[in-house]
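Enquirer: Predicted model and sequence below, questions to follow.
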Amino acid sequence: MKPLSLLKLGAVAALGLGVVLTASAVLAAPAPAGAPPAATPAAKKLTVDSNFGQLVDNPVTNAVLKKLAPALLTNKTFLGVGRDISLRAMAQYDESLTADKLKEIDAALAQAQSASS
């Protein structure tokens, strides 16, 4: 496993938080007067590009991680400051998250979420 730079991980997490805050501000803007009501979007499926914290907190996706990447669920850094970054972003800190492994996890996440719908 590559040595983890907490400063680098923290910067990545802070960047992700900035994007989330910016997107939240845009999404929270009121609709113009007279605009039709927005359709309620279907629940978004979680992927390797979702925040790690979302994957951990969801029982269905957590089960996939337990099966395919159990070491991630015991990594205190990932469970702490790493909650706000994606598995794809984590790949630079964990050699076990190869491109093939990410594809495998992504496919399993999609299958598990479809089965639970």
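Expert: Perfect, thanks for sending it.
Enquirer: what bits of the protein have low per-residue confidence?
Expert: Flagging of the chain using pLDDT under 70 yields the residue ranges 1-43.
Enquirer: ranges for the helices of it?
Expert: Applying DSSP state H to the chain gives helices spanning 6-27, 52-57, 59-68, 76-79, 87-90, 99-116.
Enquirer: hmm, who's touching the last one?
Expert: Applying CB atoms under 8 Å, 6 or more residues apart in numbering, the contact partners of helix 99-116 are 45-48, 55, 60-61, 63-65, 67-69, 87-88, 91. Placement of C-beta: from N, CA and C, glycine included.
Enquirer: Mind picking the two most distant members of those?
Expert: Val60 and Ala91 (22.1 Å; CB to CB).
Enquirer: For Leu73, which residues are in contact?
Expert: Contact criterion CB under 8 Å, 6+ apart gives 56, 62, 65-66, 79 as the residues in contact with Leu73.
Enquirer: which residues touch Asn51?
Expert: Contacts for Asn51 (CB under 8 Å, 6+ apart) come out as 16, 83-86.
Enquirer: Against Phe78, how distant is the residue nearest to Gln54 when sequence neighbours are not counted?
Expert: Nearest-residue entry for Gln54: Leu46, 5.7 Å, with adjacent residues in sequence omitted and distances by CB to CB, 6 or more residues apart in numbering. Leu46 sits 16 Å away from Phe78 when distances are taken as CB to CB, to the nearest Å.
Enquirer: swap in Gln92?
Expert: Taking CB to CB as the criterion, Gln92 is separated from Phe78 by 12 Å.
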